[in-house]
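> sequence first, predicted coordinates after that:
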Amino acid sequence: MFRLTDFNFHGKTVFLRADLNSPVEDGRITSDARFRAVLPTVRHLVEDGAKVVVGTHQSRPYKGDYITTEQHAQILGELLGQEVEYVEDIFGKLARDRIKSLEPGEVLMLENLRFSAEEVFYKPLEECEKTFFVRKLAPVIDYVVNDAFAAAHRSQPSLVGFARLKPMVMGYLMENEVTALSSAYESDERPRVYVLGGSKVDDSLRVAENVLKKGKTDLILTGGLVGQVFTLAKGFNLGDANIEFMGRKGLLDLVDWAEKILDEFYPYVRTPVDFAVDRDGKRMEVDLLSDEKWLFDRYPILDIGSRTVEKYREILLGAKIIVANGPMGVFEREEFAVGTVGVFRAIGESPAFSVVGGGHSIASIYRYGITGISHVSTGGGAMLSFFAGEKLPVLEAFRISYETFKDRVKEEKAQ
């Protein structure tokens with residue numbers, strides 16, 4: 001796959017596909033974490049004299065955080081130390097004319113890419129290539145740099161559509177993500193421990209199934225709703241209140257799948273031995289084997305218990321490779337952050353090479369000042385797809401582009 005250092009971008013027009021999709025409250029972006037993540041790539045292109053056209057999406061149609069990219073341009077400009085011009089267009093004449101007039105070192109931010117209907121749907125590369133988005137922009141750009149790892153599991157025009165038309169290059173963030181995740185996935189060091197939490201239960205089950213079948217892990221620790229589904233699959237009753245909640249979320253349909261995984265790999269999947277419930281606004285821990293299990297009938301489970309944290313901590317401190325995705329509970333409430341903070345701190349203290357990802361995981365890491373994790377991934381869904389052994393459309397597009405343009409690039413370098 002092509003890397004930034006393979007090219008001289010001076011005077012060339014580069015479409016930089018970033019993922020600056022950020023949390024928004026009251027119409028204002030509240031975190032610049034994703035902007036900082038792509039900054040090394042933007043700086044490289046600017047210092048190399050490229051004409052940089054940044055494209056990003058923000059949320060989805062009809063959601064509260066579906067806003068223009070005017071703020072994105074402002075934030076990126078402040079971090080970069082130079083103006084990033086916002087253009088209220090994506091591939092229309094206004095955008096194309098402004099792209100053509102860019103000078104080396106200038107940076108332009110296109111409008112929210114999902115304001116274009118074509119960008120909302122997932123389509124194969126061949127169909128993405130035929131979209132108006134790609135056909136209109138391709139003639140005015142020379143290279144595509146993709147640094148949007150968090151969207152690497154999606155197949156949309158801006159992400160894969162240029163692969164056979166222009167050399168598609170990995171940005172620094174993309175390269176670092178692929179290197180770190182590959183190192184964790186392919187490592188033969190043992191023990192290798194996966195921590196699966198959060199609410200993306202179906203994605204986590206795919207990961208569990210893949211890494212267990214392929215011998216990529218020695219143990220899986222579970223928490224969050226993932227842990228509750230596996231606990232039900234082991235035959236424990238989590239009470240009326242929690243089962244009703246899981247039913248409303250469609251999670252009870254996944255219990256049979258979890259049970260099949262346990263049937264084949266029972267000793268390698270660990271589930272919580274105690275949970276914390278919200279009893280009238282206060283944390284109360286309930287052991288699965290205690291006489292207080294009746295509390296599950298009335299009160300919602302919001303975290304794993306302290307005994308579970310200690311058991312997990314001991315395992316994590318002895319690990320050589322750790323992959324973690326998703327919190328152990330509702331960490332936004334401090335009294336129910338005990339599991340998430342305890343587990344992530346143990347990961348940070350472990351001598352293991354560790355990869356942690358997912359939006360909620362990252363939020364909890366920053367919120368509670370957790371350090372020592374080897375690699376914090378910007379992609380939740382993309383990371384889960386990677387460890388589930390699925391082909392990521394963007395990584396496939398990189399390979400296709402490399403095969404399409406490698407001979408031409410070699411000839412240009414030789415001249």
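Yep, it's here. Keep in mind the model is a prediction, meaning the values are calculated, not measured.

> all helices of the stretch 251-400 of the chain, in order?
For the stretch 251-400 of the chain, the helices defined by DSSP state H, counting those that start in this stretch cover 255-265, 295-298, 306-317, 338-349, 359-367, 381-387, 393-414.

> how about those helices, which one is nearest L20?
helix 359-367 (13.6 Å; Cβ to Cβ). C-beta coordinates here come from the backbone N, C-alpha and C atoms, glycine included.

> what's the closest one in contact with?
Contact with helix 359-367 is made by 33, 197-198, 324-327, 331, 337, 340-341, 344, 356, 370, 373, 376, 378, 380, as judged by Cβ atoms under 8 Å, 6 or more residues apart in numbering.

> and stretch 196-214, how far out from the chain's middle?
Put simply, stretch 196-214 sits 15 Å off its chain's centre (Cα atoms, centre = their mean, to the nearest Å).

> domains for the chain, by residue range?
2-170+392-414, 178-379 (automatic domain parsing).

> out of the contacts of helix 359-367, which sit inside strands?
Counting by DSSP state E, those place 324-325, 356, 376 in strands.

> from these, which two are the most distant?
Maximum pairwise distance among the ones in strands among the contacts of helix 359-367 (Cβ to Cβ): 11.3 Å, between N325 and V376.

> quick one: least confident helix or strand in this protein?
Counting by mean pLDDT, DSSP states H and E, the chain has its least confident helix or strand at helix 359-367, which shows a mean of 86.

> pull out the buried positions in that one.
Residues 359-365 are the ones in helix 359-367 that count as buried (16 or more other Cβ atoms under 10 Å).

> if we can go back for a sec, ranking the helices of the stretch 251-400 of the chain by mean pLDDT, which is last?
Sorting the helices of the stretch 251-400 of the chain by mean pLDDT places helix 359-367 lowest, at a mean of 86.

> got the contact list for L20?
With Cβ under 8 Å, 6+ apart, L20 has these contacts: 34-35, 38, 56, 58, 69, 72, 76.

> so where does it fall, helix or strand?
Under DSSP states H and E, no helix or strand contains L20.

> look up how far D65 lies from it.
12 Å (Cβ to Cβ, to the nearest Å).

> what of L102?
For L102 relative to D65 (Cβ to Cβ), the value is 29 Å.

> so for these two, which sits in the more crowded spot?
Under the criterion of other Cβ atoms under 10 Å, the comparison of L102 against D65 puts L102 first, with 18 against 15.

> ok, that one to G171 distance?
Noted for L102: a distance of 19 Å to G171, by Cβ to Cβ.

> could you do F15 as well?
Taken as Cβ to Cβ, the span from F15 to G171 is 12 Å.

> please apply the same query to I362.
Distance from I362 to G171, by Cβ to Cβ: 19 Å.

> also L205?
In this view, L205 and G171 are 31 Å apart by Cβ to Cβ.

> more neighbours: the two, which one.
Neighbours of L205 and G171, each counted by other Cβ under 10 Å, are more numerous for G171; the result is 25 against 21.

> pretty sure the more buried one sits against V38.
Yes. Between G171 and V38 there is a contact under Cβ atoms under 8 Å: 6.7 Å.

> need the residues touching each of those two.
Overlap of the contact sets of G171 and V38 (by Cβ under 8 Å, 6+ apart) consists of 16, 18, 147.

> which residues of the stretch 151-300 of the chain fall in strands?
168-170, 192-196, 219-222, 269-270, 274-279, 282-287 (DSSP state E, counting those that start in this stretch).

> turn those strands into JSON lines, columns for mean pLDDT, mean neighbour count and distance to V107.
Formatted as JSON lines, the strands of the stretch 151-300 of the chain follow (pLDDT from 0 to 100; neighbours: other Cβ atoms under 10 Å; distance: least, Cβ to Cβ, whole Å):
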{"stretch": "strand 168-170", "mean pLDDT": "98", "mean neighbour count": "27", "distance to V107": "17"}
{"stretch": "strand 192-196", "mean pLDDT": "98", "mean neighbour count": "26", "distance to V107": "38"}
{"stretch": "strand 219-222", "mean pLDDT": "98", "mean neighbour count": "24", "distance to V107": "43"}
{"stretch": "strand 269-270", "mean pLDDT": "98", "mean neighbour count": "21", "distance to V107": "48"}
{"stretch": "strand 274-279", "mean pLDDT": "97", "mean neighbour count": "21", "distance to V107": "47"}
{"stretch": "strand 282-287", "mean pLDDT": "96", "mean neighbour count": "16", "distance to V107": "48"}
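
> tell me the contacts of F7?
143, 167, 169, 409.

> and those residues, which are buried?
Buried members of these, scored by 16+ other Cβ under 10 Å, are 143, 167, 169.

> dump these into JSON lines; add distance to L4 as well.
Output for these, formatted as JSON lines (distance: Cβ to Cβ, whole Å):
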{"residue": "Y143", "distance to L4": "10"}
{"residue": "P167", "distance to L4": "11"}
{"residue": "V169", "distance to L4": "6"}
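
> rewinding a little: which neighbours do F15 and G171 share?
Common neighbours of F15 and G171 (Cβ under 8 Å, 6+ apart) are V145.

> neighbour count winner among N325 and V376?
Using other Cβ under 10 Å, the more surrounded residue of N325 and V376 is N325, with 28 against 18.
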